[in-house]
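>>> starting from these lines, generate the structure:
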Amino acid sequence: MPSERRLHPASILFLLGGQVREFLFPLALLIFGARSSDWGWQSWAALLLIPYSGLAVLRWLTLRWRCGEGELVVRSGLVFRGERHVPLARIQNLDAVQNPLHRLLRVVEVRVQTGAGAEPEAVLRVLRVADFEELRQRVFAGRAAGTLAAGDAPAPPATRELLRLSAGELALCGLVRNRGWLVIAAAYGLLWELGLQDRLQERVFGDAEAARVEELVSGASLLAGVALGVLAFVALLLLLRLFSMGWTLVRLHGFRLARVGEDLRTEFGLLTRVATTIPLRRIQTLTLQEGPLHRLTRRVSLRVGTAGGGAGEEKSAGREWLAPILRRDALPGLLCEVLPELDLAAIAWQPLHPRALRRRLKWAVIAALLLALPAVPLLGAWTPALGAALLAWFALAALRGVALMGWAVTDDVVLYRSGWLWRETTIARVARIQAVALHESPFDRRHGHAGVHVDTAGAHAAAHHVRIPYLAREVADGLARRLALAAASTEFRW
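Below you'll find the predicted structure:
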């Protein structure tokens, strides 16, 4: 693939859509909703599409790309020209995104990911499917040999399926993860765009409806009113779960995880089809997530952290979900494929310092007081009851949280787990550690404690980090020194 190529001509359509999508929908409403005798400036607004169309055509004409001699080269621009060289050995992932229009035209949007940052190193919008497959083979095949020459034609690696999620498993995934609020937010945005928000609010929360609710509540006893409120809250929770199940069935439809040579590949999506590639040797961390419903159904969720994956769930095209839901008895087999050096059942977990519980209980008392005191004017004599309930809840969270929190370290990985109702366990490879830090607050110094923070490439702010608190100072010193020496003595390879 040494010669320069253009994008598919359909990229003009996608580029134009990407440039005007922020106001295309309201513009369409203005045009089609306007009366024929009162078009005014609404009709002139459509002329804005002309310069945007010209820019899309110009971008297609000036963008060239080629893959050869061990690098991907992308040239763009007419007046201000740019030429980007991306070494094939530095490419971590090639993410392919296909919405229904992509599939109809047999094209794909390709996002080239390296370890340089959260955003893609290059976006090729759009390529023919055959060009994408050829590019992917050149990037990922034969990487053990280093660079690829232009005439190389490596044999395709063997493919082995590791996980395929049925519709039932995806529905269960939506039930335990509860992403129904995403559907509610999207529906609210659509109503706002259509101008139906005020009408719906008036119908649901208008004076007549409010009077009916007030009459119903005033006519019932206190116990019946409380029961009615509880039933309404339960109905809302059930509705959110149902929305979450539907959203998951659409977004993760046909989820498939396969091992292709030394790569993991995932494919999923009903309307927008996403295909991602995760090189095994570039995995930074693994995170196991368990909520109450996970434990009830004997399931776990498995996320993976890679360099350059700090944009979060939406911008990373779902690459971080190695297994959105997985049977607990299937977890050892999948971990053996991803981290063969780890035997999770043989890990010797270490507890926190014994005084960690006392410190957590002190914060529980302070939190209960801070939340209960503002309620005095409203609750009056019932405020102590609220304070007692809050204190009991925070104390239980402290007891269970400290009991379940722990850490472990081996020659190859360092592990940290935390959480009570929603538990997370993060496994970081020692060979992928970027920095080790020792942290002490004034309260830590008072109790002779310290914390150890481990940073890896690509970890975003919302991720579950290896940050071990409440360690004895000498234990924290020893752990930080051990991890720093192990990371320094290990050759870091992308």
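
>>> so who does the residue nearest to residue 365 when sequence neighbours are not counted touch?
Nearest residue to residue 365, sequence neighbours excluded (C-beta to C-beta, 6 or more residues apart in numbering): residue 391, at 6.5 Å. C-beta: built from backbone N, CA, C; applies to glycine. By C-beta atoms under 8 Å, 6 or more residues apart in numbering, the contact set of residue 391 is 364, 365, 368.

>>> for the helix or strand hosting residue 391, buried residues please.
According to DSSP states H and E, residue 391 maps onto helix 383-404. Buried residues in helix 383-404, counted by 16 or more other C-beta atoms under 10 Å: 383, 386, 387, 390, 391, 394, 397, 398, 401, 402.

>>> in contact with the last one, which residues?
To tie it back to what came earlier, the one meant is residue 402. Contacts of residue 402 by C-beta under 8 Å, 6+ apart are 352, 356, 357, 360, 470.

>>> show me these that map onto strands.
residue 470 (DSSP state E).

>>> include neighbour count when you put the contacts of residue 402 into JSON lines, please.
Shown next, in JSON lines, are the contacts of residue 402 (neighbours: other C-beta atoms under 10 Å):
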{"residue": "352", "neighbour count": "22"}
{"residue": "356", "neighbour count": "19"}
{"residue": "357", "neighbour count": "16"}
{"residue": "360", "neighbour count": "20"}
{"residue": "470", "neighbour count": "21"}
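
>>> tabulate the contacts of residue 402 (JSON lines), appending distance to residue 244 and pLDDT.
Below are the contacts of residue 402 laid out as JSON lines (distance: C-beta to C-beta, whole Å; pLDDT from 0 to 100):
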{"residue": "352", "distance to residue 244": "34", "pLDDT": "94"}
{"residue": "356", "distance to residue 244": "35", "pLDDT": "94"}
{"residue": "357", "distance to residue 244": "35", "pLDDT": "94"}
{"residue": "360", "distance to residue 244": "32", "pLDDT": "94"}
{"residue": "470", "distance to residue 244": "35", "pLDDT": "95"}
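
>>> using JSON lines, please lay out the contacts of residue 402 together with distance to residue 344.
Listed next are the contacts of residue 402 as JSON lines, based on distance: C-beta to C-beta, whole Å:
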{"residue": "352", "distance to residue 344": "20"}
{"residue": "356", "distance to residue 344": "24"}
{"residue": "357", "distance to residue 344": "26"}
{"residue": "360", "distance to residue 344": "26"}
{"residue": "470", "distance to residue 344": "23"}
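
>>> now the strands for the stretch 51-200 of the chain?
Chain-ordered strands for the stretch 51-200 of the chain, with DSSP state E, counting those that start in this stretch as the definition, fall at 64-68, 71-76, 82-87, 91-98, 107-114, 122-128, 159-164.

>>> columns mean neighbour count and mean pLDDT on top of these, output as JSON lines?
Converted to JSON lines, those look like this (neighbours: other C-beta atoms under 10 Å; pLDDT from 0 to 100):
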{"stretch": "strand 64-68", "mean neighbour count": "19", "mean pLDDT": "85"}
{"stretch": "strand 71-76", "mean neighbour count": "18", "mean pLDDT": "87"}
{"stretch": "strand 82-87", "mean neighbour count": "12", "mean pLDDT": "85"}
{"stretch": "strand 91-98", "mean neighbour count": "23", "mean pLDDT": "83"}
{"stretch": "strand 107-114", "mean neighbour count": "23", "mean pLDDT": "86"}
{"stretch": "strand 122-128", "mean neighbour count": "21", "mean pLDDT": "85"}
{"stretch": "strand 159-164", "mean neighbour count": "14", "mean pLDDT": "92"}
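
>>> quick one: what helix or strand has residue 463 in it?
In the assignment (DSSP H and E), residue 463 maps to no helix and no strand.

>>> neighbours of it, just the number please.
20 (other C-beta atoms under 10 Å).

>>> tell me the contacts of it?
Counted by C-beta under 8 Å, 6+ apart, residue 463 has contacts 285, 287, 305, 426.

>>> cutoff 7 Å now
residue 305 (C-beta atoms under 7 Å, 6 or more residues apart in numbering).

>>> thinking again about what came up before, out of the contacts of residue 391, which sit inside helices?
The helices, defined by DSSP state H, take in 364, 365, 368 from these.

>>> so how do I select the buried members of those residues in PyMOL?
Filtering the ones in helices among the contacts of residue 391 down to the buried ones (16+ other C-beta under 10 Å) takes a single PyMOL command:
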select buried, resi 364+368
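
>>> and the ones in helices among the contacts of residue 391, which is closest to residue 179?
Residue 179 lies nearest to residue 364 out of the ones in helices among the contacts of residue 391, by C-beta to C-beta, at 30.1 Å.

>>> just to revisit the earlier point, got JSON lines for the buried residues of helix 383-404, with pLDDT and distance to residue 17 too?
Formatted as JSON lines, the buried residues of helix 383-404 follow (pLDDT from 0 to 100; distance: C-beta to C-beta, whole Å):
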{"residue": "383", "pLDDT": "85", "distance to residue 17": "57"}
{"residue": "386", "pLDDT": "88", "distance to residue 17": "53"}
{"residue": "387", "pLDDT": "89", "distance to residue 17": "56"}
{"residue": "390", "pLDDT": "92", "distance to residue 17": "51"}
{"residue": "391", "pLDDT": "93", "distance to residue 17": "55"}
{"residue": "394", "pLDDT": "94", "distance to residue 17": "50"}
{"residue": "397", "pLDDT": "94", "distance to residue 17": "48"}
{"residue": "398", "pLDDT": "94", "distance to residue 17": "52"}
{"residue": "401", "pLDDT": "94", "distance to residue 17": "48"}
{"residue": "402", "pLDDT": "95", "distance to residue 17": "52"}
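
>>> let me know the closest of those residues to residue 111.
Out of the buried residues of helix 383-404, the member with the shortest distance to residue 111 (by C-beta to C-beta) is residue 401, at 38.3 Å.

>>> that closest one - nearest residue in space that isn't next to it in sequence?
Using C-beta to C-beta, 6+ apart, the nearest residue to residue 401 is residue 420, at 4.6 Å.

>>> thought the one you found was touching residue 403?
No. The criterion here is C-beta atoms under 7 Å, and residue 420 misses it with residue 403 at 8.7 Å.

>>> if we can go back for a sec, how far away is the residue nearest to residue 365 from residue 384?
10 Å (C-beta to C-beta, to the nearest Å).

>>> do residue 406 as well
Where residue 384 is concerned, residue 406 sits at a distance of 36 Å (C-beta to C-beta).

>>> can I get the strands of the stretch 51-200 of the chain in TSV including distance to residue 270?
Below are these laid out as TSV (distance: least, C-beta to C-beta, whole Å):
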stretch	distance to residue 270
strand 64-68	30
strand 71-76	31
strand 82-87	31
strand 91-98	11
strand 107-114	16
strand 122-128	20
strand 159-164	15
